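[1] Give me the fold of what follows.
(one chain, ligands or ions: 1)
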Amino acid sequence: MAPVIEKPRPIVVSGPSGAGKSTLLKRLFEAYPNRFGFSVSHTTRAPREGEKDGVDYNYTTKENFLKMVDEGGFIEHAQFGSNLYGTSVQAVKNVADQGRTCILDIEMEGVKQVKKTDLNARFVFLQPPSVEVLEKRLRGRATDKEEAIKERLAQAEKEIGYSKTPGVHDQIIVNDDLEKAWQEFKAFCVPDDQ
Ligand SMILES: Nc1ncnc2c1ncn2[C@@H]1O[C@H](COP(=O)(O)OP(=O)(O)OP(=O)(O)O)[C@@H](O)[C@H]1O
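    You can find the predicted model right below:
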């Protein structure tokens with residue numbers, strides 16, 4: 001009988017804006033360059049010079065995009081300007097088919113959507129030590145305007161509230177000390193290399 005090769009389960013990383021997702025994911029990709037991947041998004045915008053279909057984006061028509069929405073093909077989708085963008089369930093499966101663990105860096109609504117699919121994902125939540133610390137980090141990052149910071153903090157309260165629902169996450173990592181959070185994050189994402 002042919003050996004059953006198990007496909008790597010996708011990992012859903014969520015947490016309030018400023019919790020440290022980008023910081024930890026950057027480290028993860030640097031430490032394990034061939035092990036992880038991001039899914040290729042769909043878009044209705046035209047390809048720009050040098051962009052490749054299926055690599056930079058899956059380019060599609062508005063009609064086809066909306067059909068996929070109706071069929072439940074997207075984990076999340078949004079409109080920016082007059083263009084539609086989305087992460088399809090199939091795009092996540094394609095990463096697993098290439099033998100890589102697909103990383104989904106998404107927010108609460110996306111997490112709920114993934115739970116409705118057959119992706120069999122693992123869920124990790126990055127939690128700031130407190131909302132006060134989160135506010136300091138968002139200000140320290142100096143990338144957001146005052147209005148955006150207020151919105152992010154309000155959203156953070158909702159995300160943290162939802163994260164307390166039993167069974168939603170496989171692990172919650174409090175990002176207080178970065179080194180400690182990194183060790184926990186690495187252990188979750190690469191359990192066979194500890
Ligand atoms: N443990 C930590 N201690 C102190 N500062 C930290 C820690 N972790 C991250 N930071 C800093 O907090 C800020 C927010 O982190 P980061 O940009 O990684 O958050 P994020 O969750 O990716 O946010 P977004 O979802 O908005 O992209 C950054 O300036 C980062 O350097």
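
[2] The helix or strand containing K26 and the ligand, are they touching?
    K26 belongs to helix 21-31 when elements are defined using DSSP states H and E. Yes: for helix 21-31, a contact with the ligand is found by C-beta under 6 Å from any ligand atom, at 21-23. Yep, even glycine has a C-beta here, placed from its N, CA and C like the rest.

[3] Which SSE is immediately downstream of that helix?
    Immediately after helix 21-31, counting by DSSP H and E, sits strand 36-37.

[4] Not counting that next one itself, show me its contacts.
    28-29, 95, 98, 100-103, 189 (C-beta atoms under 8 Å, 6 or more residues apart in numbering).

[5] which of the residues you listed are buried?
    Buried residues within the contacts of strand 36-37, counting neighbours by 16 or more other C-beta atoms under 10 Å: 28, 95, 100-103, 189.

[6] Averaged pLDDT, the longest helix along the chain. What do you get?
    Counting by DSSP state H, the longest helix found in the chain is helix 146-163. Averaging pLDDT along helix 146-163 yields 93.

[7] got the buried residues for that helix?
    149, 152-153, 156, 159-160, 162-163.

[8] Of those, which are in range of the ligand?
    Applying C-beta under 6 Å from any ligand atom to the buried residues of helix 146-163, none is adjacent to the ligand.

[9] and this protein, which of its residues are near the ligand?
    15, 17-23, 137, 140-141, 175, 178, 181.

[10] Recalculate using a threshold of 5 Å.
    Neighbours of the ligand within the chain, by C-beta under 5 Å from any ligand atom: 17-23, 137, 141, 175, 178.

[11] can you tell me which residues contact V111?
    12, 14, 123, 162, 168 are the contacts of V111 under C-beta under 8 Å, 6+ apart.

[12] separation between it and I11?
    To I11, V111 is 12 Å away according to C-beta to C-beta, to the nearest Å.

[13] Show residues contacting the helix or strand harbouring L126.
    Using DSSP H and E, L126 maps to strand 122-127. The contact list for strand 122-127, computed with C-beta under 8 Å, 6+ apart, reads 9-16, 19-21, 24, 111, 114, 160, 163, 168-175, 181, 185, 188-189.

[14] Out of the residues you listed, name the ones that lie in helices.
    Short answer: these in helices (DSSP H) are 21, 24, 111, 114, 160, 163, 181, 185, 188-189.
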